[in-house]
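# Got a sequence here, can you build the structure:
(2 chains)
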Amino acid sequence: MRIATYNVNGIKARIERLVDWLGRARPDVVCLQELKSEDAGVPRGPIEDLGYHLETHGQKGFNGVAILSRLPLSDVVRDLPGDAGDEQARWIEATVEGPRVVRLACLYAPNGNAAPGPKYDYKLGWMARMEARAADLLRSEMPVVLAGDYNVIPADIDAARPAAWVADALALAPSRAALRRIAHLGYGDALRLRHPGPGLYTFWDYQAGAFARNDGIRIDHLMLSPQAADLLVDAGVDAAERAAERPSDHVPVWIDLGG
DNA sequence: ATGGTCGCAAGGCGA
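Numbering: from 1, shown residues only, chains lettered A, B, ... in the order given. Modelled structure (predicted):
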């Protein structure tokens, strides 16, 4: 069973790219981020034509997440608990009824710039709420996958030019610590479990020819509960998608779960 | 380089 995460940076602008990639990569389940569209504006038809169910949590203009699945989905939950006043669409959860039953969360963590400031405070508060939810999900003892755009560069090895990010919300020490707290609950970074070396990136800025210079960072992650990590067979990054016509600034990241 | 490039949606914000 292949599960992927892909920050599309606008579902309307990316639908042709997305459909093309789905047809080639044939993932069973996909977590999408940055729809930048309300639910009614999501072009469902071309996705459903490929055999995917579609559960969206959209927002006009900004944010927005969705889970696509060729396998049945159940118990869909929208929004991250812990702040009833938070109206940003950054979280959707579902149970994937596959060969193994997996609880899957699709997340779009706040960027947090400029730091320090109110946006950075929101980022850290959101990450703390995510940690609490991640701990709750472990109690089910199901395989749990937390997949999405974390907007955190876990360590210097995850940036081509780490010095360029030292004052950025994506790399500041409290941001990295927030991600490590989730790891310390028992969640493993799937890409790192399979690929320990440098040069693995999932985002290249549109500006200044970042992709041509391979000036990338790794901020899209699939974190696996112990029961999910036991099933991990392979993981990878579809970096070639960044070279396609009208690409997102992120590329798909995927895992294969066996068992 | 207080620039640069995108998407959304029709001016400026978010990234």
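# mind listing the helices for the stretch 151-259 of chain A?
Secondary structure of the stretch 151-259 of chain A by DSSP state H, counting those that start in this stretch: the helices cover A:173-184, A:190-194, A:226-229.
# Which residues does the second one contact?
This means helix A:190-194. A:154, A:200, A:218, A:221-224, A:229, A:232, A:234-237, A:253, A:255 (Cβ atoms under 8 Å, 6 or more residues apart in numbering). C-beta coordinates here come from the backbone N, C-alpha and C atoms, glycine included.
# Kindly report the same for the last one.
Outside of helix A:226-229, the residues that reach it under the criterion Cβ under 8 Å, 6+ apart are A:102, A:141-145, A:186, A:188, A:190, A:193, A:257.
# rerun that using 6 Å as the cut-off
Among residues not part of helix A:226-229, those counted as contacts by Cβ atoms under 6 Å, 6 or more residues apart in numbering are A:143-145, A:186, A:188.
# just these now: which is nearest DNA strand B?
When the contacts of helix A:226-229 are compared for distance to DNA strand B (Cβ to the nearest atom of the strand), residue A:145 comes out closest, at 22.5 Å.
# In contact with the closest residue to that closest one other than its chain neighbours, which residues?
Once its chain neighbours are removed from consideration, residue A:145 has its nearest residue in residue A:104; the separation is 5.0 Å (Cβ to Cβ, 6 or more residues apart in numbering). Counting by Cβ under 6 Å, 6+ apart, residue A:104 makes contact with A:94, A:96, A:145.
# Repeat the analysis, applying 7 Å as the threshold.
Applying Cβ atoms under 7 Å, 6 or more residues apart in numbering, we find residue A:104 in contact with A:3, A:29, A:67, A:93-94, A:96, A:145, A:147.
# What's the local residue count around the residue of the stretch 1-150 of chain A found nearest DNA strand B?
Ranking the residues of the stretch 1-150 of chain A by distance to DNA strand B (Cβ to the nearest atom of the strand) places residue A:10 first, at 2.2 Å. Counted with other Cβ atoms under 10 Å, residues neighbouring residue A:10 total 15.
# With the one 5 residues further on instead?
Other residues within reach of residue A:15, judged by other Cβ under 10 Å, total 17.
# my hunch is that it is in a helix, does that hold up?
Yes. With DSSP: H, G, I helix; E, B strand; the rest coil as the criterion, residue A:15 is part of a helix.
# what residues are up against it?
Residue A:15 makes contact with A:43, A:46 under the criterion Cβ under 7 Å, 6+ apart.
# then stretch A:177-192 to CSV, C-alphas only?
Output in CSV follows, covering the C-alpha atoms of stretch A:177-192 (Å, rounded to 0.1, in the frame of the first residue of the first chain):
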residue,chain,number,x,y,z
ALA,A,177,12.3,20.8,19.1
ALA,A,178,8.6,20.7,18.4
LEU,A,179,9.1,18.1,15.7
ARG,A,180,11.5,16.1,17.9
ARG,A,181,8.9,16.0,20.7
ILE,A,182,6.6,14.1,18.2
ALA,A,183,9.5,11.8,17.3
HIS,A,184,10.1,11.2,21.0
LEU,A,185,6.6,10.0,21.4
GLY,A,186,7.7,7.1,19.2
TYR,A,187,7.0,8.4,15.7
GLY,A,188,9.8,7.7,13.1
ASP,A,189,10.7,9.8,10.1
ALA,A,190,10.0,7.4,7.2
LEU,A,191,12.3,9.0,4.8
ARG,A,192,15.2,9.0,7.2
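# which bits of chain A sit near DNA strand B?
Taking Cβ under 7 Å from any atom of the strand as the test, the list of chain A residues beside DNA strand B reads A:9-14, A:36-38, A:41, A:60-63, A:110-111, A:113, A:119, A:151, A:206-208, A:246.
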